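J.: A predicted structure for the sequence below; I have some questions about it.
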Amino acid sequence: MLLTLVMTAATAQSNHTAKARPAGKPAAQVQKKGTAVKTNAKPVAKTKAAAAMQNAMKPQPYTILGKAINIKDGQKVYLATIENHRQKRVDSATVRNGAFTFKGKTPPVPLSRFLVTGMGYNTVNADFFLEPGTIRASLTGGKRADHITGTRHNNIYVHYKDTSNLIVSQMVEQYTLMGSSSSTPDQKNAARLRGDSLKQRYTEYACEFTRRNTDNMVGIFLLSEYYRQFPIDDLKVILNRMKKYKSLALIKTVQKYYDNAVKTQPGHMLVDLDMLTLEDEASKLSQTAGQGQPLLLYLWSGSIPASSSEVIPLKRLKRNYGQRGVQFASLCLDADTAIINKSLRRTNPDWPQFKVAEGQQQHVMNAYNLSDLPYIILFDAQGRIAARGLRRNALEEKLKTLISQTNETD
């Protein structure tokens, strides 16, 4: 099970359960041991993978040998897990002579997932895999500087953490510059661009590391956190590589997502959506898409205001291709018209604007399997999904193709 070692300056009595900050969409719990699956098929022999999984589910002894660097003797180190989005401390050890120890048996489940959480300024969370064997932990008392090794999955995971923590540290530097009162507007904009680039690199690295570890629980854990970031074709390949783990609830969650996502890939007809104009008049996506002309639909959120760097390229495309038959529309996944109009006054897009009804944001995200905003979906003249997630040159080339295909049909 992936758990969290939590070092706090609190004393022994401060072992209350603290609320955790979710770090991405939580993964499902692992299927309970002994759950029966009804079938009319004849029993078959257990595969090596199934036997290995059953063996992993048996409680086995573990020892955590920890070094406490820059942590005073007498302070507590807590062993914690995440339950229902909340951090739960399940054991504790006292630092003595700069060291601490935990001993126990692994839970009767395959390695499960965790969420890195924070419970205050002086708290440090070091995430790791709780698995059989001797686990060696080095806690520094400083964020993103801890190392946990010694067992198979932790020896793999530490390489991911080292690189991802470095990227996060660089991101923090850039976003700090953005918020600094001594930074000029140009410096803030440059820092924002660098920060956004690092954010993209962070996700790319997580996906890259997942692809390299489809044969172990590190890859499964990372997939459960980042599966929405993968192109659908890549996800199909990864799930095929992980098919020996298909009984895990984590994989079942990803498989369910994939099965639904396939329906909104290019070539499929649009999934209709209820929309509202900014004057609160009812409309539908099918009344805008599939009306004999290609449509570029720009999805965004008022809580993540569209910047000029995003909208200006779309306005240029509108000038160049709007007169050639491409329709443009925006759908804001918010219901508050005041928030929407505030952002629109900055960007001033010259195409129809729509919004969702109150409480419908997640419905739209799920309907088109969106993981982030803003996002662009192209529809052909008949209302089929032509492309999704394209940017810059790739987007423009696809628009040219759509225009050519529409002219041929006419």
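T.: Everything's here; your move.

J.: How much space separates residue 358 from residue 282?
T.: Residue 358 sits at a distance of 14 Å from residue 282 (criterion: C-beta to C-beta, to the nearest Å). Just so you know, the C-beta spots here come from the backbone N, C-alpha and C atoms, and that holds for glycine as well.

J.: out of everything not next to it in sequence, what's closest to the residue nearest the centre of the chain?
T.: Nearest to the mean C-alpha position of the chain, by C-alpha atoms, centre = their mean, lies residue 226 at 4.3 Å. Spatial nearest neighbour of residue 226, chain neighbours left out: residue 206 (4.8 Å); criterion: C-beta to C-beta, 6 or more residues apart in numbering.

J.: In three-state terms, label that neighbour for me.
T.: helix (DSSP: H, G, I helix; E, B strand; the rest coil).

J.: ok, it to residue 227 distance?
T.: Distance, residue 206 to residue 227, using C-beta to C-beta: 10 Å.

J.: Neighbour count: the two, which is higher?
T.: The neighbour count for residue 206 versus residue 227, taken as other C-beta atoms under 10 Å, is higher for residue 227 (25 against 18).

J.: Tell me the secondary structure at that one.
T.: From three-state DSSP, the assignment for residue 227 is helix.

J.: which residue packs closest to it, ignoring adjacent ones?
T.: Among residues not flanking residue 227 along the chain, residue 254 sits closest, at 4.6 Å (C-beta to C-beta, 6+ apart).

J.: ok, and that neighbour, which helix or strand is that part of?
T.: helix 249-261 (DSSP states H and E).

J.: then that helix to PDB, C-alphas only?
T.: The C-alpha coordinates for helix 249-261 follow below in PDB (Å, rounded to 0.1, in the frame of the first residue of the first chain):
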ATOM      1  CA  ALA A 249     -10.000  -1.600  -9.100                       C
ATOM      2  CA  LEU A 250      -7.400   1.000 -10.100                       C
ATOM      3  CA  ILE A 251      -7.200  -0.600 -13.600                       C
ATOM      4  CA  LYS A 252     -11.000  -1.100 -13.800                       C
ATOM      5  CA  THR A 253     -11.400   2.600 -13.200                       C
ATOM      6  CA  VAL A 254      -9.000   3.500 -16.100                       C
ATOM      7  CA  GLN A 255     -10.600   0.800 -18.300                       C
ATOM      8  CA  LYS A 256     -14.100   2.400 -17.700                       C
ATOM      9  CA  TYR A 257     -12.700   5.800 -18.600                       C
ATOM     10  CA  TYR A 258     -11.100   4.400 -21.800                       C
ATOM     11  CA  ASP A 259     -14.300   2.600 -22.900                       C
ATOM     12  CA  ASN A 260     -16.200   5.900 -22.600                       C
ATOM     13  CA  ALA A 261     -13.500   8.100 -24.100                       C
END
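
J.: Distance from it to the middle of the chain?
T.: Distance of helix 249-261 from the chain centroid (C-alpha atoms, centre = their mean, to the nearest Å) equals 14 Å.

J.: Can you name every helix or strand that it contacts?
T.: Counting by 3 or more C-beta pairs under 8 Å, 6 or more residues apart in numbering; DSSP states H and E, the packing neighbours recorded for helix 249-261 are helix 217-226, helix 232-241.

J.: Tell me which of these sits most buried.
T.: helix 217-226 (a mean of 23; mean count of other C-beta atoms under 10 Å).

J.: Kindly provide the whole-number mean pLDDT of it.
T.: Taken as a whole, helix 217-226 has an average pLDDT of 92.

J.: Report all helices and strands that that helix contacts.
T.: With contacts taken as 3+ C-beta pairs under 8 Å, 6+ apart, helix 217-226 sits against helix 152-179, helix 185-211, helix 249-261.
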